[in-house]
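J.: Just a sequence and a predicted model for now, questions to come.
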Amino acid sequence: MSKNCWAFVAIIAALCFCMVCGCTSDAAPANDAGQITTEEKSLIVYSGAGLREPMDEIAQVYEEQTGTVIKYTFAGSAQLLSQMELLNEGDCYMPGARAYLDSAAEKGFISESEDVIYHVLAFAVKPGNPKNITCLKDLTEDGVTVAIGEPTANAVGKATKKIYDKAGLWEDLQDNIIVRSATVNELIVYMNMGQADAAIIWEDLLGGSNVEQVDIPQEEGFVKVVPVATLSFSDNPAEAKAFADFVASDEGKAIFVKHGFETYPSAKYGDA
């Protein structure tokens, strides 16, 4: 064979080698059945912002045990409900109070639910309680600055309005309110910065803060059960139920206890 022919054969062989390499280097791994395995298992979970710390830890533990990735949306409970209504997607919902779950159920969004923890309102005050806050009326006194959750945006704000309406003090409170936060977590920030004399907040959020907790008298206060639910439009109903069951399990509840929550059922609060 001539030198030219040998050169031609070498070029063809090199091209074939490159084509083979190019076809195999970017291929996704396959399982034994020849199926692509790059897609991760994941769930979309809507959660009240005040539940972020325990829910983040629950997601970490659950992913380690099952390989399923939990993708949270944290916000005020009303905002989450609006988002679900707009998108019609997601797998689980855990708002800050059962009332939001009831609203979601009326819209046909809920498949099933389980009660998990309690939310209990308390006063957050500056260290030493310099304004001597002990009851609802104390927040209406002259010279007391107050931070609350926005009643139309989150569960803590809605609960605050409810107890002040019940006491006939909601209008008296208005002049003292300097902050209406979109999420309950913002209230902690305002109090840690000394921006208000008092805030009304879930007691489970106060453990690691720089403020002091004052219990609201039981006859004036607010205690509500917080559930977790699976959503009717979930694309993964079996996996959604498995995650909701884990949240409501003894292992899931132990994580909530670690973060300062009272778990359901409790002899102290009953069905609230």
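T.: On my side now, so go ahead.

J.: OK, contacts around the residue nearest the centre of the chain?
T.: Residue closest to the average C-alpha location in the chain (C-alpha atoms, centre = their mean): Ser47, at 2.7 Å. Residues in contact with Ser47 (C-beta atoms under 8 Å, 6 or more residues apart in numbering) are Met55, Tyr72, Thr73, Phe74, Leu80, Tyr93, Met94, Pro95. Yep, even glycine has a C-beta here, placed from its N, CA and C like the rest.

J.: So which of the residues you listed are in strands?
T.: Tyr72, Thr73, Phe74, Tyr93, Met94 (DSSP state E).

J.: Report the beta-bridge partners for the first one.
T.: Beta-bridge pairing for Tyr72 (DSSP bridges): Val45.

J.: residues contacting it?
T.: Contacts of Tyr72 by C-beta under 8 Å, 6+ apart are Val45, Tyr46, Ser47, Arg52, Met55, Asp56, Ala59.

J.: Out of these, which sit inside helices?
T.: Assigned to helices by DSSP state H, the following of the contacts of Tyr72 qualify: Arg52, Met55, Asp56, Ala59.

J.: which among these gets closest to Gly207?
T.: Distance to Gly207 across the ones in helices among the contacts of Tyr72 (C-beta to C-beta) is lowest for Arg52, with 13.9 Å.

J.: give me the number of residues near the closest residue to that closest one other than its chain neighbours?
T.: What sits nearest to Arg52 in space, not counting adjacent residues and going by C-beta to C-beta, 6 or more residues apart in numbering, is Phe74, at 5.2 Å. The number of residues packed near Phe74 is 18, by other C-beta atoms under 10 Å.

J.: For the remainder of this discussion, apply numbering that starts at 22.
T.: OK, 22 is where the count begins now, so the last one is Phe95.

J.: isn't Phe95 right up against Pro75?
T.: No. Applying C-beta atoms under 8 Å, one finds Phe95 not in contact with Pro75, separated by 11.9 Å.

J.: Residues that sit against both of the two, list them.
T.: Counting by C-beta under 8 Å, 6+ apart, nothing touches both Phe95 and Pro75.

J.: list the contacts for Asn231?
T.: Asn231 is in contact with Pro148, Met212, Asn213, counting by C-beta under 8 Å, 6+ apart.

J.: right, I mislabeled it, should have said Leu101
T.: Leu101 sits next to Tyr67, Ser68, Gly69, Thr94, Tyr114, Pro116, Tyr121 when contact means C-beta under 8 Å, 6+ apart.

J.: and Ala203, how many neighbours does it have?
T.: A total of 16 residues lie near Ala203 under the criterion other C-beta under 10 Å.

J.: how far away is the nearest residue in space to it that is not next to it in sequence from Leu194?
T.: Spatial nearest neighbour of Ala203, excluding adjacent residues (C-beta to C-beta, 6+ apart): Ala174 at 5.3 Å. Look at Ala174 and Leu194: by C-beta to C-beta, to the nearest Å, they are 17 Å apart.

J.: Kind regards, and thank you for your time.
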